[in-house]
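In: the following block contains a protein sequence and its predicted model.
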Amino acid sequence: MSGVDDTAGDGEEGTADDSLVTYGIEDRPPLPTALLLGGQHYLTMVGANIAVPLILAGALGFADQPAVLGKFVGTFFVASGIATLAQTTFGNRYPIVQGAPFSLLAPALAVVAAAPALGGMPGWQSKLLFLQGAIVAAALAEVAIGYFGIVGRLRKYLSPLVVAPVIALIGLSLVGAPQIVDVLPSVEGAQQNWWLLLLTLGLIVLFSQYLGDRRKVFDLFPVLLGVVIAWLVAATLSVVGFYPSSSYSYVDLGAVTEGQLFYAIHPLQYGMPRFETSFVVGMFAGVLASIVESFADYHAVARLSGVGAPNERRINNGIGMEGLMTAFAGLMGACGCTSYSENVGAIGITGVASRFVVQVGAVFMLFVGFLGPFGRLIATIPDPIVGGLFVAMFGQIVAVGLSNLKYVDLDSSRNLFVLGTAIFVGLAIPRYLSTAGREGFLTGLEGVPLVGEVLATPAVGGTLFVVGSTSMAVGGIVALFFDNTIPGTPEERGITAWEALAEGEDDFTSPLDRLRDARGDTTTKAD
């Protein structure tokens with residue numbers, strides 16, 4: 001494999017396909033290269049990992065308080081770094097970055113809106129404590145789902161025909177991201193912003209697709225180069241006054257030096273979490289959506305990394321670890337952790353699937369979380385640049401999802417029905433719910449004969465709303481139902497070809513498994 005000077009690991013993931021990746025899962029690039037590659041991975045998720053805390057800060061009411069906001073954003077970075085290290089070391093051991101999930105954002109905003117005020121503290125702090133309690137409790141349910149093997153047992157019902165639309169919907173559901181649509185010419189005042197999105201996208205495409213074979217630097221760092229060059233252009237135009245401070249493309253360099261140099265971030269920094277049953281139930285719906293997305297991400301990263309589809313043990317370890325880290329993030333004051341689809345897409349663009357690189361990036365995230373100025377510098381990346389990055393990343397995810405159809409008989413009318421219906425319904429239902437709104441949806445459920453009063457409760461109706469608002473969850477449920485009820489042979493559904501390439505149940509062991517086995521061997525020898 002070109003460019004690899006040190007190969008480490010136990011070989012559990014198998015050998016990566018040279019045609020797919022430059023650095024495989026077990027490869028360890030030289031440290032200076034790994035630092036840049038890790039920083040590149042970090043840049044691909046920075047938009048989402050900043051967007052979630054900023055949205056929550058606005059709902060909580062301290063978006064205009066730099067001291068509180070800076071520490072809050074830093075907390076998300078620290079939680080993301082620790083969660084990524086834990087997942088890549090003790091969880092599924094895939095090169096997937098962990099970060100704040102959008103799937104938990106809708107129930108989080110509902111909790112913030114409904115949480116009561118507590119005496120002796122600011123209103124935002126009391127609401128945040130109720131949010132933390134809901135996240136921690138729902139995360140413990142995810143821990144049980146993972147380590148009791150519930151998700152892994154469902155794997156036998158999940159053919160390529162189910163996984164393909166779920167992964168594709170991860171990318172398709174994000175075509176309306178504000179970093180994309182809010183900077184288009186049709187939006188009032190956005191006429192000077194769209195070209196920056198195209199510049200970023202054009203640079204990434206130029207480096208990764210046209211120049212990647214000519215220079216190693218273009219092959220390995222297309223995202224980093226594209227974002228940095230576009231940022232320098234935006235910063236220059238901001239300094240000379242071309243972009244006013246109200247522009248989406250404005251780079252506020254003064255914000256970098258404002259605020260604390262270091263943040264003291266630690267668990268329970270805002271106080272003891274408060275628990276309310278209805279809040280926990282609503283948050284659990286977001287956790288279910290997160291599990292579905294992560295399951296699809298595991299298959300996508302395996303496909304892009306050139307290794308077999310994940311086995312049951314790896315899936316269970318991954319979901320269980322995500323639950324633990326979501327609970328940890330809740331104790332810290334962040335909004336949970338899940339696998340980031342942006343970084344899965346980055347593997348496809350850069351060909352870098354090294355676990356070591358992602359771990360280096362995690363340490364980087366952890367560091368900038370405590371270091372105020374650097375985190376604020378990253379936060380100056382304008383939305384149009386993030387939007388251009390999203391187009392490249394999410395388009396790659398859609399393609400990865402559809403590539404699983406190579407194992408499926410696409411001449412089968414049965415398969416075409418399952419695929420088309422899953423994608424269409426997966427896009428249509430969330431769009432309907434976003435138009436109706438949560439309260440409108442609950443009101444509509446009240447009119448259902450006999451069971452309307454039960455369905456319209458926040459516990460039941462709220463859960464249906466959150467799950468129904470998640471494209472990959474809706475599409476996955478539809479595909480799962482039809483693919484397992486409409487008659488079809490294993491060869492027709494792609495199961496036979498897929499199972500031949502999947503890793504065996506003994507091909508993955510986590511460090512905790514190996515430690516337990518070693519202790520068992522020692523005990524046996526002593527006996």
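Out: Sure thing, it's come through.
In: got the buried residues for stretch 197-204?
Out: Buried residues in stretch 197-204, defined by neighbour count with 16 or more other Cβ atoms under 10 Å: 197, 199-201, 203-204. Yep, even glycine has a C-beta here, placed from its N, CA and C like the rest.
In: what's next to that stretch, contact-wise?
Out: 180, 183, 222-223, 225-227, 229-230, 233, 349, 384-385, 387-389, 391-392 (Cβ atoms under 8 Å, 6 or more residues apart in numbering).
In: out of these, which sit inside helices?
Out: Taking DSSP state H as the definition of helices, those contribute 180, 222-223, 225-227, 229-230, 233, 349, 384-385, 387-389, 391-392.
In: how close does the most centrally placed residue in the chain sit to V301?
Out: In the chain, the centroid-proximal residue (Cα atoms, centre = their mean) is Y340; its distance is 2.2 Å. Going from Y340 to V301 by Cβ to Cβ, to the nearest Å gives 10 Å.
In: same check, this time on L433
Out: The value you get for L433 to V301, if Cβ to Cβ is used, is 29 Å.
In: who's more crowded, the two?
Out: V301 (25 against 21; other Cβ atoms under 10 Å).
In: hmm, the more buried one is touching I96, no?
Out: Yes. The pair V301 / I96 is scored as a contact, 5.5 Å apart, by Cβ atoms under 8 Å.
In: identify the contacts common to these two.
Out: 339, 344.
In: circling back to that earlier point, of the ones in helices among the contacts of stretch 197-204, buried ones?
Out: 180, 222-223, 225-227, 229-230, 233, 349, 384-385, 387-389, 391-392.
In: tell me the confidence at V425?
Out: Per-residue pLDDT puts V425 at 96.
In: please report the number of neighbouring residues for it.
Out: 18.
In: what sits against it?
Out: Here V425 is in contact with 474-475, 478 (Cβ under 8 Å, 6+ apart).
In: do you know how far it is from V418?
Out: The value you get for V425 to V418, if Cβ to Cβ is used, is 11 Å.
In: just L331 next, same as before
Out: L331 is 42 Å from V418, by Cβ to Cβ.
In: between those two, which is the more surrounded one?
Out: Counting neighbours by other Cβ under 10 Å for L331 and for V418 shows that V418 has the greater number, 28 against 21.
In: excluding chain neighbours, what is closest to that one?
Out: Nearest residue to V418, sequence neighbours excluded (Cβ to Cβ, 6 or more residues apart in numbering): F482, at 4.6 Å.
In: what helix or strand is that neighbour on?
Out: For F482, the element it lies in under DSSP states H and E is helix 471-485.
In: which strands and helices sit next to the very next helix or strand once past that helix?
Out: Using DSSP H and E, the helix or strand that follows helix 471-485 towards the C-terminus is helix 490-493. If contacts are counted by 3 or more Cβ pairs under 8 Å, 6 or more residues apart in numbering; DSSP states H and E, helix 490-493 sits against helix 413-445.
In: from the chain's centre, how far out does the helix it packs on sit?
Out: In terms of Cα atoms, centre = their mean, to the nearest Å, the centre of helix 413-445 is set 22 Å apart from its chain centre.
In: quick one, that helix and helix 471-485 angle?
Out: Orientation of helix 413-445 against helix 471-485 (axes from the mean of the first three to the mean of the last three Cα atoms, to 10 degrees) gives an angle of 130 degrees.
In: shaky segments in the stretch 1-150 of the chain?
Out: 1-20, 47-48, 64 (pLDDT under 70).
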